[in-house]
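Participant: sequence and computational prediction follow.
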Amino acid sequence: MKYVVALDQGTTSSRAILIDENGSLIALEQKEFKQIFPKPGWVEHNPLEILNSQIKVFEELLVNNHIDPKSIISIGITNLRETTILWDKDTGNPFYNAIVWQDKRTTNICEKIKTDGLENYIKENTGLVVDSYFSATKIKWIIDNVDGVKEKIKKNKVLAGTIDSWLIYNLTSFKSHVTDFTNASRTMIFNIKSLEWDNKILKYLNIPDSILPKVLPSSAEFGSYEYKGNKIPIRGVAGDQQAALFGQACFDNGMVKNTYGTGCFLLMNIGKKMNLSKNGLLTTIACSTSNSVNYALEGSVFIAGASIQWLRDSLKIIKDAKETEEIANSIEELENIYVVPAFAGLGAPYWDMYSRGAIFGLTRDTGRKQIIKATLESLAYQTKDIIDVMQKDSNVELRSLKVDGGACKNNYLMQFQSNLLNSEVVRPEIIESTAMGAGYLAGLFSSLWDKDKIIFNQKIDKKFKPVIDPNKRDKLFQGWTKAVKRTLNWLEK
């Protein structure tokens, strides 16, 4: 039996999954790593902890399943996008912690970009809005604020990249400094028309192109990981959300998926033509198997599953995320209680870096269960915000939403989502769509399967259909909209 291993580098954990030659998920290993919050609004990870935890789950996957490394014909890598690392070209040592996609420290740099009139150029050529979410200003911050980096750049000793680049550089023993189109398209310095690093933006930010990785299709030769004398080729790389779109076999125009992870991320395949959103969505690159790319519209919810972690770790009112389904079902429908989890500002379609989280509608009898239920429902409300504008941009009416990610296992949330959207929500048997997408890309390049096989593997676990009075739906969403408006611009610019 031949196998593909997919390494899934998430916001809170490192995972590895084993896929057999039939495209079936065989096993999974996972290890959480530390979240670092040096200041309010700052979020960091230790790059070495990320690397070591990823290698550890890879090894555990093989050992626990008695897999001979010789039978691993390819590795796929998928990763949290935008998170940025700069490291020493010779030693591989990071100059600073990884600055995570949620981090807000570069808000002032973004404001200056807007003041200097570069906002429209960036949107038209990168498909993105100017926001601290993306990699560009994180790279600039490290260059400008970490001692020794500028001097090392002059000596050509600095490399920069997203997490995929960091992992590949280390796994290939410093031989490959590469990324793929999907990850590059999330940096705010990659021109998604020309498929090259954008010199005008690089010059403005004083980022030398010499530190940036070579950009390849998502299914390609990225180098080899030498493990116990075996050279295992890395042949699939994609940012997590594009990998999930591919893993859900959304190969045709108009197909939509939503991943309920730390954040929520909706992507719609829009084909070969690059269309810019008029309603606050991003245009990004979907997974590619050649230099010819497809584009996608994307809406990003910054805080989704992370709000459930907040209930567990900060408020300590649940012990496990699994409790939320039973709790939500155990109490009556909420009356005008909303949690807006804008802990890191709001993403699409608002793009407000200055909003912050809030709870609305509290009364004397509001307790922990109501707050838990309202927090869970916030994932569905934020998803509807994006779906509404996605339909306007694409002129495509949503009839079915494919879902994946940990929170999609919550039946209450999925039914509430279907009710809000007034459309079918489809949950696959295998909800590890992100890792499966990376594995599929690697297997494609290794000629282990084709796209028809990937489509064949899409088995459905459950379909949720709307069961709610339309007037009730409208009233619920109107309340949400009112709550969101009151969180906007909470912090002074």
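Facilitator: Structure's in. What do you need? Residues are numbered from 1 along each chain as shown.
Participant: number of nearby residues for the closest residue to Val467 other than its chain neighbours?
Facilitator: Closest residue to Val467 apart from its sequence neighbours, by C-beta to C-beta, 6 or more residues apart in numbering: Asn419 at 6.6 Å. (C-beta placed from N, C-alpha, C; glycine too.) When neighbours are defined as other C-beta atoms under 10 Å, Asn419 has 21 of them.
Participant: was I right about Asn419 contacting Phe477?
Facilitator: No. Using C-beta atoms under 8 Å, Asn419 is not in contact with Phe477, being 10.3 Å away.
Participant: rewinding a little: which residues touch the residue nearest to Val467?
Facilitator: Contacts for Asn419 (C-beta atoms under 8 Å, 6 or more residues apart in numbering) come out as Pro466, Val467, Ile468, Arg473.
Participant: quick one: which of those is nearest Gly271?
Facilitator: Pro466 (28.2 Å; C-beta to C-beta).
Participant: distance-wise, check the closest one relative to Arg427.
Facilitator: 15 Å (C-beta to C-beta, to the nearest Å).
Participant: low-scoring pLDDT stretches of the stretch 351-493 of the chain, where are they?
Facilitator: Residue ranges of the stretch 351-493 of the chain with pLDDT under 70: 493.
Participant: tell me where the stretch 301-450 of the chain has helices.
Facilitator: In the stretch 301-450 of the chain, the segments counted as helices under DSSP state H, counting those that start in this stretch are 305-309, 323-330, 368-394, 411-421, 433-445.
Participant: okay, those in a markdown table with distance to Lys155 next?
Facilitator: Output for these, formatted as a markdown table (distance: least, C-beta to C-beta, whole Å):
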| stretch | distance to Lys155 |
| --- | --- |
| helix 305-309 | 39 |
| helix 323-330 | 52 |
| helix 368-394 | 45 |
| helix 411-421 | 52 |
| helix 433-445 | 35 |
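Participant: which among these is found nearest to Leu62?
Facilitator: helix 433-445 (14.9 Å).
Participant: quick one: distance of the closest one to the chain centre.
Facilitator: Centroid separation between helix 433-445 and its chain, computed with C-alpha atoms, centre = their mean, to the nearest Å, is 16 Å.
Participant: which strands or helices does it pack on?
Facilitator: Contacts defined by 3 or more C-beta pairs under 8 Å, 6 or more residues apart in numbering; DSSP states H and E place helix 433-445 against strand 3-9, strand 13-20, strand 72-79, strand 230-239, helix 240-247, strand 256-260.
Participant: need the next SSE after that helix, C-terminal direction.
Facilitator: Next helix or strand after helix 433-445 toward the C-terminus (DSSP states H and E): helix 451-456.
Participant: other residues contacting the helix or strand just after that following helix?
Facilitator: Going down the chain from helix 451-456, the next helix or strand is strand 460-464, by DSSP H and E. Here strand 460-464 makes contact (C-beta under 8 Å, 6+ apart) with Asn411, Met414, Gln415, Gln417, Ser418, Glu424, Val425, Val426, Arg427, Pro428, Glu429, Ile431.
Participant: correct me, but Arg105 touches Trp141?
Facilitator: Yes. At 6.4 Å, Arg105 counts as touching Trp141 under the criterion of C-beta under 8 Å.
Participant: between the two, what contacts are shared?
Facilitator: Jointly contacting Arg105 and Trp141 under the rule C-beta under 8 Å, 6+ apart are Ile99.
Participant: closest one to Val100 among the helices of the stretch 301-450 of the chain?
Facilitator: helix 305-309 (11.0 Å).
Participant: residue at max distance from the center of the chain?
Facilitator: Distance from the C-alpha centroid of the chain peaks at Arg364, with 38.1 Å (C-alpha atoms, centre = their mean).
Participant: just to revisit the earlier point, which among the contacts of strand 460-464 end up buried?
Facilitator: Buried members of those, counted by 16 or more other C-beta atoms under 10 Å: Met414, Gln415, Gln417, Ser418, Val425, Val426, Arg427, Pro428, Ile431.
Participant: closest to Asp147 among these?
Facilitator: Nearest to Asp147 among the buried ones among the contacts of strand 460-464, with distances taken as C-beta to C-beta, is Ile431, at 44.0 Å.
Participant: and for Asp452, the neighbour number?
Facilitator: Using other C-beta under 10 Å, Asp452 has 9 other residues around it.
Participant: wait, I meant Lys157
Facilitator: 16.
Participant: that one is in contact with Gly92, isn't it?
Facilitator: No. Contact criterion C-beta under 8 Å: Lys157 and Gly92 do not qualify, at 11.3 Å.
Participant: buried stuff in the helix or strand harbouring Ile270?
Facilitator: Taking DSSP H and E as the definition, one finds Ile270 inside strand 264-271. When burial is assessed from 16+ other C-beta under 10 Å, strand 264-271 yields the following buried residues: Cys264, Phe265, Leu266, Leu267, Met268, Asn269, Ile270.
Participant: just stretch 275-282 next, same as before
Facilitator: Buried residues in stretch 275-282, counted by 16+ other C-beta under 10 Å: Ser277, Gly280, Leu281, Leu282.
Participant: need the contact partners of the lowest-mean-pLDDT helix or strand in the chain.
Facilitator: In the chain, no helix or strand scores lower on mean pLDDT, DSSP states H and E than helix 451-456, which sits at a mean of 79. With contact meaning C-beta under 8 Å, 6+ apart, helix 451-456 is reached by Gly23, Ala249, Phe251, Tyr440, Leu444.
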